[in-house]
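Engineer: the following block contains a protein sequence and its predicted model.
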Amino acid sequence: MNHLIRTAAAAVALPAAALLLAAGPAQALPGAARDGDYLYLSVTRGEDGSGGTRGTLLLCDPPQGHPRAADACAELGAVGGDVARLTPAEGAMCPMVYAPVTARARGQWNGRPVDYRETFSNSCGMAARTGSVFALDG
């Protein structure tokens, strides 16, 4: 019986080890990201995240990694990288539909850590509040 248990454990452990080896070593952020302004931006749909998550690394010197990198970097630069201080769009009209999205930004700006997270009632409300920063679809 012990032989069967050891054989079953080995059958599970070997594929798991192979997956870990295939994943390779952890990669560091590019030098520009470590030394300059960068944010990992993500948008998760649904209350429980079941709608999926999209994300990208935004680098700002030069702007890259984001469909609207130049706009996002300019907007963030105007508020010193403080996502919560982004200026809401004037006159934005959004439907009163509850389809929650959670926006998250993690990284650094001007050498200071950034960790922002906010849930909006829908993607229109998020776009009206955060401009190009979380426009990950282009």
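Structural biologist: Received it, and whenever you're ready, just let me know what you need. Keep in mind that what you see is a predicted model, and the values were worked out from it rather than measured.
Engineer: my guess is Arg54 meets Ser42, correct?
Structural biologist: Yes: counting by Cβ atoms under 8 Å, Arg54 does reach Ser42; the two are 6.7 Å apart. In this view, the C-beta of every residue, glycine as well, is placed from N, C-alpha and C.
Engineer: neighbour-wise, which of those two wins?
Structural biologist: Ser42 (17 against 13; other Cβ atoms under 10 Å).
Engineer: the more buried one and Arg104 touch, don't they?
Structural biologist: Yes: Ser42 lies in contact with Arg104 (Cβ under 8 Å); the separation is 4.8 Å.
Engineer: backbone dihedrals for Arg85, please?
Structural biologist: Main-chain dihedrals, Arg85, degrees, to the nearest 10: phi -90, psi 0.
Engineer: tell me who's in contact with it.
Structural biologist: Listed by Cβ atoms under 8 Å, 6 or more residues apart in numbering, the contact partners of Arg85 are Val79.
Engineer: ranges for the helices of the protein?
Structural biologist: Taking DSSP state H as the test, the helices found in the chain are 2-23, 31-35, 69-78, 123-130.
Engineer: tell me the mean pLDDT for the shortest one?
Structural biologist: To tie it back to what came earlier, the one meant is helix 31-35. For helix 31-35, the mean pLDDT works out to 50.
Engineer: and for the first one?
Structural biologist: With pLDDT averaged residue by residue, helix 2-23 scores 40.
Engineer: also stretch 97-113?
Structural biologist: 96.
Engineer: that stretch: end-to-end distance?
Structural biologist: Its start and end residues considered, stretch 97-113 measures 33 Å (Cα to Cα, to the nearest Å).
Engineer: and for that stretch, what's in contact with it?
Structural biologist: Contacts with stretch 97-113, where a contact means Cβ under 8 Å, 6+ apart, come from 33, 37-47, 49, 58, 76, 80-83, 114-123, 126, 130, 133-134.
Engineer: now, of those residues, which are buried?
Structural biologist: Listed as buried from the contacts of stretch 97-113 are 33, 37-45, 58, 76, 81, 83, 114, 116, 120, 122-123, 126, 130, 133-134; burial here means 16 or more other Cβ atoms under 10 Å.
Engineer: count of neighbours near the spatially closest residue to Val114 that is not a sequence neighbour?
Structural biologist: Excluding the flanking residues, the one nearest Val114 by Cβ to Cβ, 6 or more residues apart in numbering is Gly107, at 5.3 Å. Residues within reach of Gly107, counting by other Cβ under 10 Å, total 21.
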